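# Here is a sequence with its predicted model. Questions after.
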Amino acid sequence: MISARQLSKHFRGPGGKDVVAVSDLTMDVEEGSLTAFLGPNGAGKSTSLRLLTTLLEPTGGSARVCGFDIVGEPAEVRARLGYVGQKNGAGMYQRVRDELTSQGMLYGLGRAETRRRVEEVVEALDLGEVVDRKTMQLSGGQKRRVDIALGLIPAPRLLFLDEPSTGLDPQSRAHLWEHILELRHRYGMTLFLTTHYLDEADQFAERVMVVDQGRIIADDTAPSLKANLAGDRITLSVAGPWDGADAIVRRAAAVTGVSEPTIQATTTADGARVVVHLDSGDRVLPHLIRGLHEAGRLVLTADLARPTLDDVFLNLTGRSLREEGRHESVPEQPQTAGVPR
Ligand SMILES: Nc1ncnc2c1ncn2[C@@H]1O[C@H](COP(=O)(O)OP(=O)(O)OP(=O)(O)O)[C@@H](O)[C@H]1O
């Protein structure tokens, strides 16, 4: 469905400086899959989407989307995809129904087909109650659903969503995701989306591509990324000094077949705080507590944390995605919710 080879995009930044927004993007995305592009602000996620949707021309490399070349056959590519940009594409003063109808006409669908598509997307995205209202009167979550409806009017086989849920409250996010998953189920569409939200990528995407500074730095399922690129973490507080108890941790790991735990112990007011990074922490923890008990060490608290995608990002980059501050992005051209022919 998408096949990109060493795609890159450079911009001229402030003072004529070369900004590498996307570097060597190589990937194949299968039909029917749900892929999330996860990364901090400025990682190159939106630029990648704009390249793949032919809204920007690449500086280097090539890509085929829905079987057509993004540079040589942009009209063919556009005719087959839907694109929902970051900013609301819906106009403020039009009624939702008129907005959706204009989109159908823009795509050259004809009156009868447009009417049929409008009814279908209104039903699919549960917009029946708001379809005769103006976009400016809608809530953030409703507006976002209108944006997605606009992207769906041409019945695309492939839908790109740029941060579909950013700025929504948790309830609206959850509601929007119900709709996204329902759309996928109903139409068997290929979905490719960008997100800052670790939990969304973790929960809903079959494939997560972690992007940083224009490059894909990891590409796998969320469980594999977590298993391979970040281990579990056991945190213990023990009474008295830790002296020499590393051997007990290593033994507990060895009997469960787990190799190379890393152990960091710090002295606290009442003893020590010990953080152990390892795989299969759930299997090791009971052996560890028993071993410490048999050695006469008193365990005050024990906590096992499974890795998150943030741990994956932290391990790969030394930075936390959660702590990446938002910065204003460079002003962009106005975005439309669909990509007209
Ligand atoms: N039109 C432009 N001119 C110059 N630089 C740009 C332009 N568009 C993007 N950039 C730069 O390219 C880099 C990647 O930007 P991009 O918007 O693709 O990142 P992103 O991962 O989508 O970020 P965000 O999550 O904030 O949307 C950033 O350094 C950005 O400032």
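Great, that's in hand.

# Could you count how many residues lie near residue 244?
Neighbouring residues of residue 244 were enumerated by other C-beta atoms under 10 Å; the total is 8. Yep, even glycine has a C-beta here, placed from its N, CA and C like the rest.

# Please apply the same query to the one 4 residues further on.
Number of residues near residue 248 (other C-beta under 10 Å) recorded here: 21.

# Sticking with it, tell me its helix or strand.
helix 246-255 (DSSP states H and E).

# what do you get for residue 42?
Residue 42 belongs to no helix or strand, assigned by DSSP H and E.

# Tell me how far it lies from the ligand.
4 Å (C-beta to the nearest ligand atom, to the nearest Å).

# tell me the phi and psi of that residue?
In terms of degrees, to the nearest 10, the main-chain angles of residue 42 are phi 80, psi 10.

# Check it and give its pLDDT.
Model confidence at residue 42, given as pLDDT, is 87.

# Also residue 70?
We have a pLDDT of 95 for residue 70.

# One more: residue 168?
In this model, residue 168 is scored at 77, pLDDT.

# hmm, back to that, ok now the helix holding residue 248, how far from the chain's centre?
37 Å (C-alpha atoms, centre = their mean, to the nearest Å).

# Mind giving me the packing neighbours of it?
Counting contacts by 3 or more C-beta pairs under 8 Å, 6 or more residues apart in numbering; DSSP states H and E, helix 246-255 packs against strand 262-268, strand 271-278, helix 281-294.

# what residue ranges in this structure score low on pLDDT?
88-92, 323-341 (pLDDT under 70).

# now the strands for it?
Counting by DSSP state E, the chain has strands at residues 2-12, 18-29, 34-38, 60-65, 68-69, 81-84, 158-162, 190-195, 207-212, 215-220, 232-239, 262-268, 271-278, 299-305.

# picking up where we left off before, looking at the helices and strands packed on helix 246-255, spot the one closest to the ligand.
Closest approach to the ligand among the helices and strands packed on helix 246-255 (C-beta to the nearest ligand atom): strand 271-278, 28.8 Å.

# From the contact counts, what lies against that closest one?
strand 232-239, helix 246-255, strand 262-268.

# how far away is the residue nearest to residue 18 when sequence neighbours are not counted from residue 252?
Excluding the flanking residues, the one nearest residue 18 by C-beta to C-beta, 6 or more residues apart in numbering is residue 10, at 5.5 Å. To residue 252, residue 10 is 51 Å away according to C-beta to C-beta, to the nearest Å.

# Mind checking which of these two has more residues around it?
More crowded of residue 10 and residue 252, by other C-beta under 10 Å: residue 252, with 24 against 15.

# you'd agree that one is up against residue 291?
Yes - between residue 252 and residue 291 there is a contact under C-beta atoms under 8 Å: 5.0 Å.

# So which residues on the stretch 1-150 of the chain come close to the ligand?
11, 13, 19, 21, 39, 41-47 (C-beta under 6 Å from any ligand atom).

# Buried ones among the residues you listed?
With burial judged by 16 or more other C-beta atoms under 10 Å, the buried subset of these is 21, 39, 42-47.

# Looking at these, which is nearest residue 29?
For those, the residue nearest residue 29 by C-beta to C-beta is residue 45; the value is 14.4 Å.

# Touching, that closest one and residue 213? I think so.
No - with contact defined as C-beta under 8 Å, residue 45 does not count as touching residue 213 (11.5 Å).

# and residue 250, how far is that from residue 297?
15 Å.

# right, I mislabeled it, should have said residue 73
68 Å.
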